[in-house]
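Student: build the 3D model from these lines:
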Amino acid sequence: MKKRRYYYLLILAALGIGIFLGNINVPSASAHAKYTVVPKSLRGTYHHYSKKSHKWSRVKFTKYTYKLGNHQKLSGKKLMAGGLYPQLSLTKYDSYYVTELGESDAFQAFYKGVTVTKHGKKMHALKELVSYPGIKHEYTRIWYSSKIK
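Tutor: Next comes the predicted model:
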């Protein structure tokens, strides 16, 4: 008889603790991905003239987007499949910002904002660090805020 009372008391205690813990408000963790914001030093529309192809290329940065030439526009607000990563990913490498498609190596480019003097005028420009497989040395490419040859 005493064993039964002991088990009933344990069951009641366990139920009481369970009800008590069930009523505690635990803040829920948000799985919401943060937006990718482009630094102000990169924002703007920039042009580069290729002497080999005799064509202009364009790169455009806004607060949340990045568009290079005819490639798709990458947005820091749109999420990739699964909803964990934004389309546009920006990470800092040395003094350059690395632009990537959603934490992958696609559309990878290295940019930093610089001030250059062209034809006696100081202007804001982008410096791109270019490195391709098979090339022994890296080189840089300057993107100007207006079409300047």
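
Student: going by C-alpha atoms from here, please, whenever you check contacts or count neighbours.
Tutor: Will do.

Student: contacts only, for the residue nearest the centre of the chain.
Tutor: The chain has residue 89 as the residue nearest its centroid, 2.0 Å off, counting by CA atoms, centre = their mean. Neighbouring residues of residue 89 by CA atoms under 8 Å, 6 or more residues apart in numbering: 36, 76, 98, 99, 100, 101, 102, 103.

Student: residue 114 now?
Tutor: Here residue 114 is in contact with 124, 125, 126, 127 (criterion: CA under 8 Å, 6+ apart).

Student: from residue 74, how far out is it?
Tutor: Residue 114 is 23 Å from residue 74, where distance means CA to CA, to the nearest Å.

Student: can you check residue 123 too?
Tutor: Residue 123 is 26 Å from residue 74, by CA to CA.

Student: again, but for residue 93
Tutor: Per CA to CA, residue 93 is found 20 Å from residue 74.

Student: what's the helix or strand for the residue nearest to the centre of the chain?
Tutor: strand 88-93 (DSSP states H and E).

Student: just checking: what are the partner strands of that strand?
Tutor: strand 96-101 (antiparallel) (DSSP bridges).

Student: show the average pLDDT along the partner strand.
Tutor: On average, the pLDDT along strand 96-101 is 90.

Student: and the very next helix or strand once past it, which strands flank it?
Tutor: Per DSSP H and E, the first helix or strand lying C-terminal to strand 96-101 is strand 109-118. Sheet neighbours of strand 109-118, with direction, are listed as strand 96-101 (antiparallel), strand 121-130 (antiparallel) (DSSP bridges).
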